[in-house]
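Trainee: Make a model of this:
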Amino acid sequence: MSTLNIVALSLFAFAWVLYEPLLTAFGKRRGGVLNTDLAVIRIAWMENMTSREARLMDGQLLGQTLNSCSFFASSNLILIAAAAGALFGGQQTFASLSALEVVHTSTRLLFELQLALVVACLARGLLDFIWAIRQINYCLAAVGATPDPLAEDQRASYGAVLARLLNPALGSFSAGVRGYYFALAAAAWLFGPWTFMAATVGAVGLLLWRQRWSTAALAIQDFRKLIQR
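Mentor: Here you go, the predicted structure:
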């Protein structure tokens, strides 16, 4: 593998591994990050849920979230099967793709490494979706077990504990969705190391923009300020 390919792979690994920890640290220190603001909003949601006599709406919202996780997990599994099928397709798959002018893969080993990276990104995302589904089920059980009526002095405590279940669950869901961005960047390696590096930087830039400066992120920032007044 050439030096340029090694540099491109190193850049991708750095971005893939360190993106979430750095984003979390930045959000805690500076604020104004979508994931951090949503964590605060979910705490408020769970606290408000404990004060409601009818919690049907909360159950429906959690159920919808669970359905979304299941949908993405199923879709991810199909993509993994497709990518793995190409990876294990043998010499014929390698010869077919190598014949394309836009594909830059010098050896079969490099080609297999490129596809393996795509499969790894998708597999990591699948594990995140599965873990999100399990945690949401835990949260549903806890919501169902929350006493009704609940004493006013207990609502904040119950809401905080429920948020400690819900926030990691939806954090895992976000990580699974983020896996699609990195899987697309990994697939760009097939078109050469320069394209790979550009796609990696582009994926990270798009994720950061959506976390910090998108219309949704700005609206969530304003909503957090409203509930914290």
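
Trainee: Give me the packing partners of the helix ranked longest in the chain, helices and strands only.
Mentor: Longest helix of the chain, by residue count under DSSP state H: helix 108-145. Where contact means 3 or more CB pairs under 8 Å, 6 or more residues apart in numbering; DSSP states H and E, helix 108-145 is packed against helix 3-30, helix 56-87, helix 91-98, helix 155-187. Any C-beta I mention is one placed from the backbone N, CA and C, and that applies to glycine too.

Trainee: ok, now with 6 Å
Mentor: helix 56-87, helix 155-187 (3 or more CB pairs under 6 Å, 6 or more residues apart in numbering; DSSP states H and E).

Trainee: Next, the angle helix 56-87 makes with that helix.
Mentor: Relative orientation of helix 108-145 and helix 56-87, computed by axes from the mean of the first three to the mean of the last three CA atoms, to 10 degrees: 160 degrees.

Trainee: buried residues in helix 108-145?
Mentor: Of all the residues in helix 108-145, those buried under the rule 16 or more other CB atoms under 10 Å are 110-115, 117-133, 135-136, 139-140, 142-143.

Trainee: swap in stretch 199-214?
Mentor: 199-200, 203-204, 207-208, 211-212.

Trainee: do the same with stretch 216-229
Mentor: For stretch 216-229, by 16+ other CB under 10 Å, it's 217, 220-221, 224.

Trainee: what's the answer for stretch 5-12, then?
Mentor: 5, 8-9, 11-12.

Trainee: What of stretch 185-197?
Mentor: 185-193, 195-197.

Trainee: if we can go back for a sec, with pLDDT and distance to R164 added, can I get the buried residues of stretch 5-12 in a markdown table?
Mentor: Formatted as a markdown table, these follow (pLDDT from 0 to 100; distance: CB to CB, whole Å):
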| residue | pLDDT | distance to R164 |
| --- | --- | --- |
| N5 | 86 | 43 |
| A8 | 93 | 39 |
| L9 | 93 | 37 |
| L11 | 95 | 35 |
| F12 | 96 | 33 |
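
Trainee: Nearest to R29 among the residues you listed?
Mentor: L11 (24.7 Å; CB to CB).

Trainee: Run the chain-centre distance for stretch 107-115.
Mentor: 26 Å (CA atoms, centre = their mean, to the nearest Å).

Trainee: what mean pLDDT would you report for that stretch?
Mentor: In this model, stretch 107-115 has a mean pLDDT of 83.

Trainee: got it, and stretch 145-163?
Mentor: Here the average pLDDT along stretch 145-163 is 87.

Trainee: same question, stretch 38-46
Mentor: According to the model, stretch 38-46 has a mean pLDDT of 92.

Trainee: for stretch 201-220, same thing?
Mentor: For stretch 201-220, the per-residue pLDDT averages 94.
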